[in-house]
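Q: no sequence for this one, just the structure:
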């Protein structure tokens, strides 16, 4: 019954290129993730590392979507975007008809950013920061991966997203003049993101 509840969308061309071994591996990974609370900040560093190690091995073949069983015991569905971002919804919007932002809207988010080793490098609740991050969607004022992820969210929704280097700080990283780097070049980043508000900018 568990396998019957899983949705699998595979094009004929893609099906011919996926081995039975990789398919079984993907199913096993998804089933193991359903018992892991690795999508919450409160889960701790070991849980975040577990999430990273598991999701990094899930096949990202184009046209393949593997959904975890939708039950009270199932973990969140892991979604891979065409851009390479992997994410899971950890909190659904409370409104029945939640607001979805459009390009050019002013959005407010709470976020926590992690390095791949689980270390926090920035957060809206960190020392000296009391407010949500405000920015104009699609304006390039934040890294491309964050902008792309927020554009797909609804107000009240919370996600955990893995953003590849090319959609983060790329091969430059975030480094000081003395060579010390807060974010090393080529770093994959993890963000917990809560979309708090979205509004149309004033004329």
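A: Received the coordinates, thanks. Not measured: the values here are computed from a predicted model.
Q: helices along the protein, start to end?
A: In the chain, the helices defined using DSSP state H lie at 12-15, 20-33, 45-55, 144-151.
Q: residue 114 contacts residue 189, correct?
A: Yes. Residue 114 is in contact with residue 189 according to CB atoms under 8 Å; the separation is 6.9 Å. Every C-beta, even on glycine, is put in place using the N, C-alpha and C of the backbone.
Q: shared neighbours, the two?
A: Overlap of the contact sets of residue 114 and residue 189 (by CB atoms under 8 Å, 6 or more residues apart in numbering) consists of residue 121.
Q: confidence-wise, which of the helices of the chain is weakest overall?
A: Of all the helices of the chain, the minimum mean pLDDT falls on helix 12-15 (a mean of 34).
Q: what helices or strands is whichever strand in the chain runs longest leaning on?
A: Among the segments of the chain that qualify as a strand by DSSP state E, the longest is strand 189-199. Counting contacts by 3 or more CB pairs under 8 Å, 6 or more residues apart in numbering; DSSP states H and E, strand 189-199 is packed against helix 45-55, strand 106-114, helix 144-151, strand 158-163.
Q: contact partners of the second one?
A: So the one you mean is strand 106-114. 41, 48, 101, 120-125, 132-137, 146, 150, 189-201.
Q: and that strand, which strands flank it?
A: strand 120-123 (antiparallel), strand 133-136 (antiparallel), strand 189-199 (antiparallel) (DSSP bridges).
Q: so the last one versus strand 158-163, what angle?
A: Spelled out, that is strand 189-199. 130 degrees (axes from the mean of the first three to the mean of the last three CA atoms, to 10 degrees).
Q: what sits against residue 116?
A: Per CB under 8 Å, 6+ apart, neighbours of residue 116: 52, 187-190.
Q: need phi/psi at it.
A: Backbone torsions of residue 116, given as degrees, to the nearest 10, read phi -60, psi -20.
Q: report how many residues lie close to residue 120.
A: Counted with other CB atoms under 10 Å, the neighbours of residue 120 add up to 15.
Q: tell me the confidence at the residue nearest to residue 115 when sequence neighbours are not counted?
A: Leaving out its chain neighbours, the residue that sits closest to residue 115 by CB to CB, 6 or more residues apart in numbering is residue 121, at 5.8 Å. With respect to pLDDT, residue 121 scores 95.
Q: does residue 121 really touch residue 168, like I thought?
A: No. Counting by CB under 8 Å, residue 168 is not a contact partner of residue 121; they are 10.8 Å apart.
Q: next, show the common contact partners of those two.
A: Joint contacts of residue 121 and residue 168 (CB under 8 Å, 6+ apart) are 183, 189.
Q: the more surrounded of the two?
A: Set residue 121 next to residue 168 and count neighbours by other CB under 10 Å: residue 168 wins out with 20 against 15.
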